[in-house]
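Enquirer: kindly return the folded structure for what I paste below:
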Amino acid sequence: MAIKNIVAVVCGMDEEYPFQIIQGINDYAREHSINVSYFAAFGGIVDSEDFDNGEYSIYNLPDYSKFDGALLLTNTFSNPEVRNKIIDKVKAADLPSVIFECKDYEEFYDISINNYSVMKKLVNHLIKEHGAKVFNFISGPSANPEAKERYRAFRDALKENGIEFDEENRFHQGHFRSYDGVKAIENFEKSGMSMPDAFVCANDSMALTAMSRLQDMGYKIPDDVIITGFDYTFNARFSSPVLTTVKRPLYYSGTKACSLLDEITDGKDIPRSTSLEAIPVLTESCGCTELDEDDIRDFKRSTFQRFERSYAHIHMLNRLIAGLAGSENINECVDSIEQMLRMINCSHFNLCLVKDWEHTYNTIDVENGENTYPPLMTAPLVWDSGVRRTVKQFPSKRLFPEPFTTGGNISYFIPLHFNQRCLGYYIFINNDFPIQSILCHTMTMSIGNAIENISKLNVLDPLTKIYNRNGFNKNAEFIFKECANERRPLSICFIDMDGLKKINDTYGHKEGDFAIKSLASAIESACGSVDVCGRFGGDEFVAVGRGFGFIKKFTNKLTTKLEEINEESGKPYKIEASVGYISTTPLRSDSLFDLIEQADKKMYEVKKEKYSKQ
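Expert: Numbers count the residues shown, from 1 in each chain. Predicted structure coming up:
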């Protein structure tokens, strides 16, 4: 029997909602020898669009048509553009797919939990049993179908009970993240509105932080105000007071979704939609049931296990960060990662980097264009049950440096990047660290930063901290090919410092280094974020930009910046430069080096004329 390979997409695996579903998927997959590959990012966490673009690059990696089926946890995405891009790719691949909490696509089978009816029951309980009449609502993302259903149920419950809702002042738009709860309470406090009878929150993460913030302000829950959540997470079950919430069969929805996909790929006829029911859990934060002794014992045991695991992971992370900080090459970086893998008992792990990672600074952006990973990858670390290997190169479309020959394997693909610069990815195989530890994302950023620093040693000039000749050639070549292929204009400036020898001879080489660094800083500031500049050697620099307008923009900014530096430095000499430039629409038969030489000749004409007038 052929081994089935399933792709799953998810965002934010460290949240309890996807964690429980993933556990259900994994248990079914292992039992039925199905390979599952998760492609996961941690978008929307650090409030940086550049960083998020780097995270979302992982969804460009898989060729969805190569899988037997797909599980789409696209309801975990707060970014609708990224979510829609993934859905379009899966539809184009035309493979059997099960989507969670979404009925918008006739191409997919769907599985959902009835958010509407259970939220309505919860709100009716607050009205009828606790006499609540004034409400605030903390919502999830506006484009999220679950958030929409919960808010619709909330409004309908109020309407049916004859209660008006002040949406303008008592509604807060969140993103299902814990910090949204704090923001909601802070915004409410600033509004000067009277305290409501109840805060109804679209999930537990927001409810718990909102409750904590209210308690910090001196309010007692539920005596002064009721607060409710949605999801029945671990922290909600054992908060103080225990959070009134909604219990959803998340683990079962995971096993059920995987079993449905299994049946679909076997050609069985099943319903297009599967609906599961949830129940309200009425506890202390609305003034209902208290914990019994069994709950308390379960809480103590679970909390102890979590603390112990967290302490171990923090110790591991500290050692990893310290090791990575001192790494000067990829082998030293891999040494530190190997220590980490041993500490968390991980038997299978792959570190995969784009083939030219130490040179190229090109980005991969899932939102703009159809960019994909480069065709070749390299794996400086293949960790296999204590044995360390390398794979010099492998095709990115294969995903794994060494393909599986067995079934029942669970793989987590996590992106490695520095802001928008895609470095590659790593794969945890048959180890649940990515879903169990809240430190997984911190570990990922640490590895990405270390690899970025190592790559900079190869492409950055140590004195000026801008590209050296190698780094410039790699990245300028990208712009050159783009302009040649698209028949777009290209501009090149060749810059040579004036009077460096005189500065060195008169004031010493330390001052000469200051002058070179100052000129490099001015050149870098004159370049736009999408342009490239570098030190060609000695006191020579080159800048490349798209369009005919680049020349005027660059030279004006360079002149202004040099004037500022000379005025502020207080040096007995002036930092000046001669600039030669050309603008052309290159042909594919042209070479970047030849064009740079033409700009270099122009620069010498400028310098010759300048000195002839002295």
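
Enquirer: excluding its backbone neighbours, what's nearest the spatially most central residue of the chain?
Expert: For the chain, Glu55 is the residue whose C-alpha lies nearest the centre (Cα atoms, centre = their mean; 2.8 Å). Closest residue to Glu55 apart from its sequence neighbours, by Cβ to Cβ, 6 or more residues apart in numbering: Ala41 at 3.9 Å. For every residue, glycine as well, the C-beta is placed using N, CA and C.

Enquirer: wait, the one you found touches Asn60, no?
Expert: No: using Cβ atoms under 8 Å, Ala41 is not in contact with Asn60, being 11.0 Å away.

Enquirer: so the two - more neighbours on which side?
Expert: Ala41 (29 against 21; other Cβ atoms under 10 Å).

Enquirer: pretty sure Val36 sits in a helix.
Expert: No: Val36 sits outside any helix when classified using DSSP: H, G, I helix; E, B strand; the rest coil, being strand.

Enquirer: and the strands in the stretch 51-200 of the chain?
Expert: 69-72, 97-100, 109-113, 135-139, 171-173, 198-201 (DSSP state E, counting those that start in this stretch).

Enquirer: pull up the pairing partners for the last one, direction included.
Expert: To tie it back to what came earlier, the one meant is strand 198-201. strand 135-139 (parallel), strand 226-228 (parallel) (DSSP bridges).

Enquirer: next SSE after the last one?
Expert: The helix or strand immediately downstream of strand 226-228 is helix 234-237, counting by DSSP states H and E.

Enquirer: does that next one pack against any helices or strands, and if so which?
Expert: Taking 3 or more Cβ pairs under 8 Å, 6 or more residues apart in numbering; DSSP states H and E as contact, the helices and strands that helix 234-237 lies on are helix 204-216, helix 293-325.

Enquirer: which of those helices comes out lowest on mean pLDDT?
Expert: The minimum mean pLDDT among the helices and strands packed on helix 234-237 belongs to helix 293-325 (a mean of 71).

Enquirer: make CSV out of the strands of the stretch 51-200 of the chain and add distance to Asp356, mean neighbour count and mean pLDDT.
Expert: Compiled in CSV, those are given as follows (distance: least, Cβ to Cβ, whole Å; neighbours: other Cβ atoms under 10 Å; pLDDT from 0 to 100):
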stretch, distance to Asp356, mean neighbour count, mean pLDDT
strand 69-72, 30, 24, 97
strand 97-100, 34, 24, 96
strand 109-113, 41, 21, 94
strand 135-139, 44, 25, 97
strand 171-173, 42, 18, 95
strand 198-201, 47, 28, 97
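
Enquirer: in JSON lines, list those along with distance to Glu186.
Expert: Converted to JSON lines, these look like this (distance: least, Cβ to Cβ, whole Å):
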{"stretch": "strand 69-72", "distance to Glu186": "34"}
{"stretch": "strand 97-100", "distance to Glu186": "32"}
{"stretch": "strand 109-113", "distance to Glu186": "31"}
{"stretch": "strand 135-139", "distance to Glu186": "12"}
{"stretch": "strand 171-173", "distance to Glu186": "10"}
{"stretch": "strand 198-201", "distance to Glu186": "13"}
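
Enquirer: out of those, nearest to Pro18?
Expert: Judged by Cβ to Cβ, the one of the strands of the stretch 51-200 of the chain that comes nearest to Pro18 is strand 97-100, at 9.2 Å.

Enquirer: in its sheet, what does that closest one sit against?
Expert: Sheet pairing for strand 97-100, using DSSP bridges, gives strand 69-72 (parallel), strand 109-113 (parallel).

Enquirer: could you dump these to TSV with distance to Arg248?
Expert: Below are the strands paired with strand 97-100 laid out as TSV (distance: least, Cβ to Cβ, whole Å):
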stretch	distance to Arg248
strand 69-72	17
strand 109-113	5
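
Enquirer: distance of Ile414 from His175?
Expert: 21 Å (Cβ to Cβ, to the nearest Å).

Enquirer: those two: who's more crowded?
Expert: Using other Cβ under 10 Å as the criterion, Ile414 and His175 rank with Ile414 on top: 23 against 19.

Enquirer: pretty sure that one is touching Phe433, no?
Expert: No: with contact defined as Cβ under 8 Å, Ile414 does not reach Phe433; the gap is 10.2 Å.

Enquirer: contact partners of the helix or strand encompassing Ile582?
Expert: Remark: Ile582 resides in strand 576-584, with elements defined by DSSP H and E. For strand 576-584, contacts defined as Cβ atoms under 8 Å, 6 or more residues apart in numbering pick out 489-499, 519, 548, 550-551, 555, 558, 562, 595, 598-607, 610.

Enquirer: packing partners of the helix or strand following that strand?
Expert: Per DSSP H and E, the first helix or strand lying C-terminal to strand 576-584 is helix 592-612. With contacts taken as 3+ Cβ pairs under 8 Å, 6+ apart, helix 592-612 sits against helix 469-486, strand 490-498, strand 540-546, strand 576-584.

Enquirer: pLDDT of the shortest one, averaged?
Expert: Read that as strand 540-546. 95.

Enquirer: again, but for stretch 30-48
Expert: 87.

Enquirer: what about that stretch, how long is it end to end?
Expert: 37 Å (Cα to Cα, to the nearest Å).

Enquirer: likewise for stretch 268-288?
Expert: This stretch, stretch 268-288, spans 46 Å end to end (Cα to Cα).

Enquirer: please apply the same query to stretch 137-150.
Expert: Distance across stretch 137-150, first residue to last, is 10 Å (Cα to Cα).

Enquirer: just the buried residues of it, please?
Expert: Using 16 or more other Cβ atoms under 10 Å as the test for burial, stretch 137-150 gives 137-141, 144-150.

Enquirer: same question for stretch 560-578.
Expert: Quick answer for stretch 560-578 (16+ other Cβ under 10 Å): 561-562, 565-566, 573, 575, 577-578.

Enquirer: going by distance to Pro80, which of those residues wins?
Expert: Closest to Pro80, out of all of the buried residues of stretch 560-578 and judged by Cβ to Cβ, is Lys561, at 40.0 Å.

Enquirer: in space, what's closest to the closest one - neighbours in sequence excluded?
Expert: Spatial nearest neighbour of Lys561, excluding adjacent residues (Cβ to Cβ, 6+ apart): Ala522 at 3.9 Å.

Enquirer: same check on Gly229?
Expert: Ala207 (3.3 Å).

Enquirer: same question, Leu595
Expert: Leu595 sits nearest to Ile492 (Cβ to Cβ, 6+ apart), 5.5 Å away.

Enquirer: and the gap between the one you found and Thr255?
Expert: 60 Å.

Enquirer: same check, this time on Gly218
Expert: To Thr255, Gly218 is 45 Å away according to Cβ to Cβ.

Enquirer: go on, Ala325?
Expert: 42 Å.

Enquirer: swap in Gly512?
Expert: 69 Å.

Enquirer: swap in Ser285?
Expert: Using Cβ to Cβ, Ser285 is found at 30 Å from Thr255.

Enquirer: these two: which is more packed in?
Expert: Ser285 (26 against 19).

Enquirer: before we move on, back to that, mind giving me the packing neighbours of the helix or strand hosting the residue nearest to Lys561?
Expert: According to DSSP H and E, Ala522 maps onto helix 509-526. Applying 3+ Cβ pairs under 8 Å, 6+ apart, one finds that helix 509-526 contacts strand 490-498, helix 500-507, strand 532-537, strand 540-546, helix 550-569.

Enquirer: quick one: which of the ones you listed is nearest Asn169?
Expert: With Cβ to Cβ as the criterion, Asn169 lies closest to helix 550-569 of the helices and strands packed on helix 509-526, at 46.7 Å.

Enquirer: other SSEs contacting that closest one?
Expert: Right, helix 550-569 is packed against strand 490-498, helix 509-526, strand 540-546, strand 576-584 by 3+ Cβ pairs under 8 Å, 6+ apart.

Enquirer: nice, that's everything, thank you.
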